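> output the structure for:
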Amino acid sequence: MINSSPIMVGPFTALIAYLFGSIPFGYLIVHWQQGIDVRTTGSGSIGATNVMRNLGVMGFAATFLLDFGKGIAAVLLASRLTAANPVWIAAAAVGAILGHCFPVWLKFRGGKGVATAVGVFLALAPLEVGISLAIFAVVVAISRTISLGSIVSVGAFPLLLYFLHHPPFPVVVGAVASAAIIIIQHRSNIRRLLAGTENKLGRKQEVGSRN
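Numbers count the residues shown, from 1 in each chain. You can find the predicted model right below:
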């Protein structure tokens, strides 16, 4: 039976999580609507924020929800098929985010993983996700910088998970690895934040600026 053999099923669920994550919804939506590669516009990402630059709020919402959905589906499926084995839950969490950031279908050039991570993290610990989102809102309200809010809230999640939820150690490791991937994907934003040139809400984006 599947649930009695998590060691055998685990690698399969990790692969499925990666494939789920690698579905490039933003790329597909923009190509369907405008016939272009979204990676040639704006920030060059396939994520919801860059899709919004091409298709507006509706494009953002559709992409965010689909990217969110593939993250939560990957973790819930791994939990179901491996009898909630924490090692394979953690592997699925990381796999889904890696899939979004490095999709095999697009020659490993994808997005920054924030929406997918929200889905992954929600499947792991809903309360801690709520607190992380509150942190995001506060940081963005103060700094008017979405990238800073994303970096801070994603970085806070593993700490909140560890101190408030006390999950098995592999899940904590998976959360830390997931957060690290997303923060690394924001390295260009971090450089601009340090230089004081990052785009802010309410300020027209400069030509060549990439969020």
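> show me the contact partners of the lowest-mean-pLDDT helix or strand in the chain.
The least trusted helix or strand in the chain, going by mean pLDDT, DSSP states H and E, turns out to be helix 6-21, with a mean of 88. The contact list for helix 6-21, computed with C-beta atoms under 8 Å, 6 or more residues apart in numbering, reads 2, 70-71, 73-75, 77-78, 81-83, 85, 87-88, 91-93, 95-100, 103-104, 116. All C-beta spots, glycine's among them, are computed from the backbone N, C-alpha and C.
> same deal with stretch 33-48?
24-27, 30-31, 49-51, 53-55, 59-61, 63-64, 67, 100, 103, 106, 109-115, 210-211.
> what average pLDDT does the helix or strand just after the least confident helix or strand of the chain get?
Toward the C-terminal end, the helix or strand that comes next after helix 6-21 (DSSP states H and E) is helix 25-34. What helix 25-34 shows for mean pLDDT is 95.
> what's the answer for stretch 115-124, then?
pLDDT averaged over stretch 115-124 gives 96.
> and stretch 85-102, by the same measure?
97.
> same check on stretch 130-150?
The average pLDDT within stretch 130-150 is 94.
> restricting to C-alpha, output it in CSV.
This file holds the C-alpha atoms of stretch 130-150, laid out as CSV (Å, rounded to 0.1, in the frame of the first residue of the first chain):
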residue,chain,number,x,y,z
GLY,A,130,-0.9,34.7,8.7
ILE,A,131,1.7,36.3,10.9
SER,A,132,4.2,36.4,8.0
LEU,A,133,1.7,38.1,5.8
ALA,A,134,1.1,40.7,8.6
ILE,A,135,4.8,41.3,8.7
PHE,A,136,4.8,41.7,4.9
ALA,A,137,2.0,44.3,5.1
VAL,A,138,3.8,46.3,7.8
VAL,A,139,7.1,46.3,6.1
VAL,A,140,5.6,47.3,2.7
ALA,A,141,3.5,50.0,4.4
ILE,A,142,6.6,51.5,6.0
SER,A,143,9.1,51.0,3.2
ARG,A,144,6.7,51.1,0.2
THR,A,145,8.9,48.4,-1.2
ILE,A,146,7.3,45.0,-2.1
SER,A,147,10.6,43.2,-2.5
LEU,A,148,11.7,44.2,1.1
GLY,A,149,8.4,43.0,2.5
SER,A,150,8.8,39.7,0.6
